[in-house]
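Trainee: I'll drop the sequence and a predicted model, then ask my questions.
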Amino acid sequence: MENFSNPNFGHIDQFYPQLATSLVRGLVQKMAESPDFENTNASNLPAYFTKPLIDLTPQEMQEIVSFGVERRFEDLLLLQKRELSEVEDKIFSVMRGIQPDNLFDVGGIENSLLWQLAHEFRFLPIFSLAADKSYTPLLLAMHQGGMGNLSTKNFDNLETVLGQFANNHFDVALCSEYLYKAENWKSIATHLCRMVKRFVIFVFPKKDPRFEEKALREFLKSQDIFQIRLEQTEDYFVFIGRK
């Protein structure tokens, strides 16, 4: 990718530092598990590749990220800092006010909101299922590389996974993109409402005739969510429902 030819690319300030560091370490650990990876390669890695993430110095994180850039770990490009969209910014402000104990996230295609949340709420337990399955190995690598509070799992069917969680299992559930793209969105939303003990945060496009405000309010009430706050952008409704 073009960014890898930029001599400035790879500085830790360009990334969410813990996420980028954990990704590189997780990918290296995965490489080390390969039968083609020689023990001599593992012994040559600096000790901070296995040091607890929280104990790493900024310089050590920089060196780990630079290691990944030199080896063209292209997934790093996904973890560069960038401004949130208007709707993402509204959700982020809501999350700051809620201060969740834990979070269930159904991630969007780019997952930019997830990276920002994981960066700011460094110790918040987040279980995220990525709408784009290519993100699952990325999340697993970050978990293995030290982001123990960020977890996920491989899945074939989202509803099947959701059915495995008990009622009130999570404090907050967030679905910022995937929900309105799914044909079975009501079934998925029903699971998410069941799984939370406090808040659900759902985003719906205004121009889609399936998602009229009054009908959405009635749907949430049918799920025993009667305290509903509505935030809006030009293109989206953001429903914040509290049990």
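Mentor: Perfect, I can see it now. Numbering: from 1, shown residues only.
Trainee: CA only for contacts and neighbour counts going forward, please
Mentor: Will do.
Trainee: how about the most centrally placed residue in the chain: what's its closest non-neighbour residue?
Mentor: What sits nearest the mean C-alpha location of the chain, by Cα atoms, centre = their mean, is Leu114, with 3.3 Å. Excluding the flanking residues, the one nearest Leu114 by Cα to Cα, 6 or more residues apart in numbering is Gly107, at 6.9 Å.
Trainee: related to what we said a few turns ago, and the pLDDT for the residue nearest to the centre of the chain?
Mentor: As predicted, Leu114 sits at a pLDDT of 91.
Trainee: does it count as helix, strand or coil?
Mentor: At Leu114, secondary structure determined by DSSP: H, G, I helix; E, B strand; the rest coil is helix.
Trainee: measure stretch 205-212 end to end?
Mentor: One end of stretch 205-212 sits 9 Å from the other (Cα to Cα, to the nearest Å).
Trainee: now swap in stretch 190-201 and tell me
Mentor: The first and final residues of stretch 190-201 sit 13 Å from each other (Cα to Cα).
Trainee: tell me where this structure has strands.
Mentor: For the chain, the strands defined by DSSP state E cover 103-107, 126-130, 150-151, 170-175, 196-205, 227-232, 236-242.
Trainee: regarding the protein, what is its longest helix?
Mentor: Secondary structure assigned by DSSP state H gives helix 17-32 as the longest helix of the chain.
Trainee: quick one, helices of the protein?
Mentor: Using DSSP H, the helices of the chain run over residues 17-32, 39-43, 58-70, 86-98, 112-120, 135-144, 158-162, 185-195, 213-222.
Trainee: want to throw the ones you listed into CSV with distance to Ala173?
Mentor: Output for these, formatted as CSV (distance: least, Cα to Cα, whole Å):
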stretch, distance to Ala173
helix 17-32, 21
helix 39-43, 40
helix 58-70, 31
helix 86-98, 11
helix 112-120, 12
helix 135-144, 18
helix 158-162, 11
helix 185-195, 6
helix 213-222, 14
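Trainee: need the winner for burial among the ones you listed.
Mentor: Mean neighbour count (mean count of other Cα atoms under 10 Å) peaks for helix 17-32 among the helices of the chain, with a mean of 23.
Trainee: so where's the chain uncertain?
Mentor: 1-10, 36-43, 108-110 (pLDDT under 70).
Trainee: the longest helix of the chain vs helix 112-120, what angle?
Mentor: Per axes from the mean of the first three to the mean of the last three Cα atoms, to 10 degrees, the angle that helix 17-32 makes with helix 112-120 is 100 degrees.
Trainee: residues contacting helix 17-32, please?
Mentor: By Cα atoms under 8 Å, 6 or more residues apart in numbering, the surrounding residues in contact with helix 17-32 are 37-38, 42, 49-50, 53, 61-62, 64-65, 67-68, 73, 76, 79, 115, 118-119, 138, 140-147.
Trainee: if we go to 6 Å?
Mentor: Residues outside helix 17-32 that contact it (Cα atoms under 6 Å, 6 or more residues apart in numbering) are Met61, Val65, Gly68, Ala141, Met142, Gln144, Gly145, Gly146.
Trainee: same thing with stretch 205-221?
Mentor: Asp235, Tyr236.
Trainee: just the endpoints, please. Distance across it?
Mentor: End-to-end distance for stretch 205-221, by Cα to Cα: 20 Å.
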